[in-house]
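1. Give me a 3D structure for the following:
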Amino acid sequence: MRRTPHVHALQAIALLAAMFATACSAQRPLTPEDARWLRMEVVDADTGQILPQHRSRRAAWVAGEPGQAYALRLSNLSAERLLVVLSIDGINVISGETAAAGQTGYVLEPYGNATIDGWRKSMSDVAAFRFSDLPDSYAAQTGRPDDVGVMGAAVFRERPQPTLMPWPAPPVTAAESKALQDSTRADPSERRSRSEMQSPSPVAQGLGTAHGERRWSPTNRTDFERASRLPQEVITLRYDDRAGLLARGIIRQDRPWLAREPRPFPNGFVPDPPR
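-> Down below sits the predicted model:
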């Protein structure tokens with residue numbers, strides 16, 4: 001049966017609507033728990049312990065302490081290479097630029113992982129991530145305090161390569177990606193108001209991330225061609241000190257005396273009096 005132009009027009013509209021819905025869902029910030037392509041965890045850099053994440057509405061939070069060194073542990077959950085553009089306090093952790101999704105990032109091999117423990121200073125070392133009081137944060141010291149308290153990851157898939165060779169099985173060290181040619185031009189679709197990334201809160205931010213001591217952290221360069229200008233998913237994780245999370249009602253004050261419910265009849269029979 002021959003299709004009419006009207007049918008073709010409806011199909012085209014439906015296809016455009018599906019593409020628009022996919023793009024919008026890719027731009028909606030996700031919590032690490034809701035992400036499908038990348039697992040992002042915050043770990044204590046000294047002990048290796050994962051900091052627990054606390055859910056509040058649509059956000060996830062971690063509590064840090066001033067002076068505590070931390071790292072971001074990234075795990076690729078897919079069978080293909082991924083580019084991860086990382087930001088802390090609204091700053092690209094590799095270039096130091098005010099963060100945008102079109103900038104440079106780390107490349108993870110299929111099912112590979114990497115631990116990012118500082119602001120990249122060269123191909124061989126970083127300045128450690130350390131939780132700090134807000135005035136001591138790198139963002140505040142460089143005149144960009146507005147986005148302190150948030151960690152972000154924009155995840156990109158790779159454009160399929162014309163090769164039948166499989167990717168190497170063992171994961172390799174995370175590598176610095178090739179920046180887009182037009183990374184200096186902001187894409188209107190990548191502009192999101194701060195209200196989309198974080199809900200306003202009357203509680204003042206108490207914790208930031210400092211530019212800590214130098215650490216040896218070698219990496220290398222690799223080419224990566226993005227499958228699209230829009231990220232596959234955007235992951236957002238908020239943080240503050242414990243007092244800030246308590247004030248926001250995200251965690252509750254510890255009350256040891258409420259560890260067990262009181263019972264009206266704790267014993268079955270009347271004991272003998274002491275002699």
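
2. Helix, strand, or coil at P135?
-> The assignment at P135 comes out as helix when based on DSSP: H, G, I helix; E, B strand; the rest coil.

3. What confidence value was assigned to it?
-> Among the per-residue scores, P135 shows a pLDDT of 95.

4. Next: T104.
-> Per-residue confidence for T104 comes out at a pLDDT of 94.

5. do R58 as well
-> Reading off the confidence values, R58 has pLDDT 82.

6. Pretty sure it sits against T31.
-> Yes - A contact is recorded between R58 and T31 when judged using CB atoms under 8 Å, the distance being 7.1 Å. From N, CA and C alone the C-beta is placed, and that goes for glycine too.

7. CA-only coordinates of the host helix or strand of V234 in CSV, if you can.
-> Secondary structure assignment for V234, by DSSP states H and E: strand 233-241. Output of strand 233-241 as CSV, limited to C-alpha atoms (Å, rounded to 0.1, in the frame of the first residue of the first chain):
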residue,chain,number,x,y,z
GLU,A,233,23.9,11.4,31.0
VAL,A,234,24.8,14.1,33.5
ILE,A,235,25.5,13.0,37.1
THR,A,236,25.3,15.5,40.0
LEU,A,237,26.4,14.9,43.6
ARG,A,238,26.1,17.6,46.3
TYR,A,239,28.3,17.8,49.4
ASP,A,240,28.7,19.8,52.6
ASP,A,241,30.0,19.3,56.1
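
8. sorry, back to before: neighbour count: R58 and T31, which is higher?
-> Neighbours per residue (other CB atoms under 10 Å) separate R58 from T31, with T31 holding more: 19 against 13.

9. wait, the more buried one sits on S56?
-> No - counting by CB under 8 Å, S56 is not a contact partner of T31; they are 9.8 Å apart.

10. Checking my notes, R39 in a helix, right?
-> No - the assignment for R39 is strand, going by three-state DSSP, so no helix is present there.

11. and the residue lying closest to it once chain neighbours are set aside, what does it touch?
-> In this structure, R39 finds its nearest non-sequential neighbour in S75, 4.0 Å apart by CB to CB, 6 or more residues apart in numbering. Applying CB atoms under 8 Å, 6 or more residues apart in numbering to S75 gives the contacts L38, R39, M40, E41, L108, G112, N113.

12. Separate out the buried members of those.
-> Neighbour-count burial (16 or more other CB atoms under 10 Å) applied to these gives L38, M40, E41, L108, G112, N113.
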